[in-house]
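# Take this sequence and fold it.
(chains A and B)
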2 protein chains.
Amino acid sequence: MQEFKSLENKQVLITGGVGFIGSNLARRLVSLGAEVTLVDSLIPEYGGNLFNIEDIRSRLTLNITDVRDPFAMEYLVQGKDYLFNLAGQTSHLDSMTNPGNDLEINATAQLSILEACRKHNTGVKIVFASTRQLYGKPEYLPVDEAHPVRPVDVNGINKLAGEWYHLLYNNVYGIRACALRLTNTYGPAMRVKDARQTFLGIWIRNMIEGKPILVFGDGEQLRDFNYVDDVVAALLLAATSPVADGQVYNLGSHEVVSLKQVAQILAELSPGASYEIVPFPPERKAIDIGDYYSDYARIRKDLGWQPRVDLHQGLTNCIDYYRSHKEQYWESA
Amino acid sequence: MQEFKSLENKQVLITGGVGFIGSNLARRLVSLGAEVTLVDSLIPEYGGNLFNIEDIRSRLTLNITDVRDPFAMEYLVQGKDYLFNLAGQTSHLDSMTNPGNDLEINATAQLSILEACRKHNTGVKIVFASTRQLYGKPEYLPVDEAHPVRPVDVNGINKLAGEWYHLLYNNVYGIRACALRLTNTYGPAMRVKDARQTFLGIWIRNMIEGKPILVFGDGEQLRDFNYVDDVVAALLLAATSPVADGQVYNLGSHEVVSLKQVAQILAELSPGASYEIVPFPPERKAIDIGDYYSDYARIRKDLGWQPRVDLHQGLTNCIDYYRSHKEQYWESA
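Numbers count the residues shown, from 1 in each chain, chains lettered A, B, ... in the order given. As a prediction, the model looks like this:
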């Protein structure tokens, strides 16, 4: 893995910077000597949690604003070398109950951020956090980047629009941008109050609280997972690699497991923990995508990325983290 | 062709109803005995022109509002049997200079119309006017519906989001909806003040004014065209055919011609007319898609649709129309 020395003293903006992935990325960038500014709205239902950055708070600039504020964003993009555009509404279910809100955050705000860059900072390099959700229900597995996009929920449609605005601004205006289509990311600092960000969050919380983990469906749905440190590495590679400009890359893992297997690993890691296989709630069934796992050969070939932390190790880290810090994540912070 | 008798006395809402395609559709629906309400904002830069409906004004309800007004739309969708959702920002160039405006009309407003239907009229059948623009630069020709979608401008991205919201609401909520991906539509009532709606408009206007037609590039770009009456027939078939629910259909034509050939036809139809091959303006070149023509086998098979008016006849009709009514189309109306 590269050392990313080129990031030293660079001006870096991270939207969603107090959230799960944003805060882990910020920690890495601070350690690399970058000058980091975080943008976050700290909306209670989303991923921002000030405890996520407590240890690095004095070494970065925190700017509370919403990415939907075009005036603030127009100022904040100026003078930045890199923009990691991670802010998003991530809940598939919320995107169906409040689709206009999802649209504003995941599409409208993205377009206005890009317009701000076009007007004030065409030299910035942008990495956009996209999602495997836009593939919809897979036609074949593993899903590579040539797989048709066919979102099954409002979130998927809006994320796709947001991704394409980035590629368009790369292609038409030469504002260097690329997108990583993340699969299930997990690790310390993920939201565990509910399943809005990842179902693993609520699973781990329930496990630590001694409640059974609820596995929807038959538990046989296949998934791939990335530990957050691996995702941070991919973001940095994408940012510092000119070959990535204008590209879309899947993340993914060679470890493909069923949801039941994940529940079993968690149960083994925590004596007394248990899980239950329960039917899908109807509102989740309507937007479920069945089995999913990615082909990540393109990013391995172009950028030399591959995941390094296996599920057993990653989940162990999570359990340790949340056992130590549950008072910071169970309640509003 | 079916007689569409089932539309008699039906409640029909047409967004963009005073525009080019909307007004032609309205005329046909009125003649079929439908009870038609038109929604239009009459924004001067768009397609609405009250002269388009002058002959049928007393036989329908005209409601001036913008599709971005969620309050008005929430009321207007109620009690309707059919919604032809034709309002849109159509200029590719304007979508690049004012992308937020394109987003509001082509995506945000579409989502709020669908939400209005979900809350107040789940029994409505919706036909959405989509566009071949979302395919981007073709990978192969003719372009069928399985062709990857890869928009090359903001308009294409937003139209795609708008289309997918419709299909999603069909699939998740059972609100019957389908989309027609229109290619170059032309005919009486098209905007001729400028090239915002179709380049053919400004060509015909220039021709009638005795100015040369400007053909961008080398003139060899291939295109297909549909006369507006054929598009109206496709819209009615899509509305009245249950097999269309949840589907996307290309329109298209067996007549595939180069832009230079179209200019030649126009020159033949109008003694003294001329054309010039000129280089692309750079802002158009950046979003040009090269050759394009559709495979429309799917709609022919499913709905029995095919185009019936050839280019020579259609252009003749246009020239006759605009020679007779130019005072209604040259100036603001």
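
# Surely A:Gly16 and A:Thr90 touch.
No. With contact defined as Cβ atoms under 8 Å, A:Gly16 does not count as touching A:Thr90 (9.4 Å). (Each C-beta comes from the backbone N, C-alpha and C, glycine too.)

# Mind listing the shared neighbours of these two?
Both A:Gly16 and A:Thr90 are in contact with A:46-47, where contact means Cβ atoms under 8 Å, 6 or more residues apart in numbering or on different chains.

# list the buried ones in the helix or strand of chain A with the lowest mean pLDDT?
Ranking every helix and strand in chain A by mean pLDDT, DSSP states H and E puts helix A:282-285 at the bottom, with a mean of 79. Within helix A:282-285, the residues that qualify as buried are A:Arg284, counting by 16 or more other Cβ atoms under 10 Å in any protein chain shown.

# residues making contact with that helix?
Residues from elsewhere that reach helix A:282-285, judged by Cβ under 8 Å, 6+ apart: A:93, A:96, A:216.

# go again using 7 Å as the cut-off
Helix A:282-285 is contacted by residues A:93, A:216 when judged by Cβ atoms under 7 Å, 6 or more residues apart in numbering or on different chains.

# and if you look at stretch A:223-233?
Contacts for stretch A:223-233 (Cβ under 7 Å, 6+ apart): A:1, A:20-21, A:24-25, A:28, A:182-187, A:251-253, A:255-257, A:259, A:292-294, A:305, A:307-309, A:311, A:314.

# Can you pull the residues of the stretch 101-250 of chain A lying near chain B?
A:103, A:107-108, A:111-112, A:115, A:148, A:151, A:153-154, A:157-158, A:161, A:164-165, A:168, A:172 (Cβ under 7 Å from any Cβ of the partner chain).

# Checking A:Ser130 next. Helix, strand or coil?
When classified by DSSP: H, G, I helix; E, B strand; the rest coil, A:Ser130 comes out as strand.

# For it, list the residues it contacts.
A:159, A:163, A:179-182.

# Count the residues that sit near the closest residue to A:Ile43 other than its chain neighbours.
Leaving aside its chain neighbours, A:Ile43 sits nearest to A:Asp66 (7.6 Å; criterion: Cβ to Cβ, 6 or more residues apart in numbering or on different chains). A:Asp66 is flanked by 17 other residues according to other Cβ atoms under 10 Å in any protein chain shown.

# pLDDT (mean, whole number) over stretch A:214-231?
Averaged across stretch A:214-231, the pLDDT comes to 94.

# end-to-end on it?
26 Å (Cα to Cα, to the nearest Å).

# List the buried residues for that stretch?
Buried, per 16+ other Cβ under 10 Å, within stretch A:214-231: A:214-217, A:219, A:221-231.

# what comes into contact with the helix or strand A:Lys326 falls within?
Using DSSP states H and E, A:Lys326 maps to helix A:311-329. Helix A:311-329 is contacted by residues A:49, A:51, A:186-188, A:192, A:204-205, A:208, A:225, A:227, A:255, A:257, A:265-266, A:269-270 when judged by Cβ under 7 Å, 6+ apart.

# and the closest residue to A:Asp291 other than its chain neighbours, what does it touch?
Nearest residue to A:Asp291, sequence neighbours excluded (Cβ to Cβ, 6+ apart): A:Leu222, at 4.2 Å. The contact partners of A:Leu222, by Cβ under 7 Å, 6+ apart, come to A:256-258, A:291-293.

# just A:Asn206 next, same as before
So A:Asn206 contacts A:212-213 (Cβ under 7 Å, 6+ apart).

# 8 Å instead, please
So A:Asn206 contacts A:212-214 (Cβ under 8 Å, 6+ apart).

# if I look at it, how far off is chain B?
28 Å (Cβ to the nearest Cβ, to the nearest Å).

# so the helix or strand containing that residue versus helix A:311-329, what angle?
Following DSSP H and E, one finds A:Asn206 within helix A:199-208. Angle of helix A:199-208 versus helix A:311-329, following axes from the mean of the first three to the mean of the last three Cα atoms, to 10 degrees, is 70 degrees.

# now for the very next helix or strand once past helix A:199-208, which elements pack on it?
Later in the chain than helix A:199-208, the nearest helix or strand by DSSP H and E is strand A:213-216. Counting contacts by 3 or more Cβ pairs under 8 Å, 6 or more residues apart in numbering or on different chains; DSSP states H and E, strand A:213-216 is packed against helix A:199-208, helix A:259-269, strand A:275-278.
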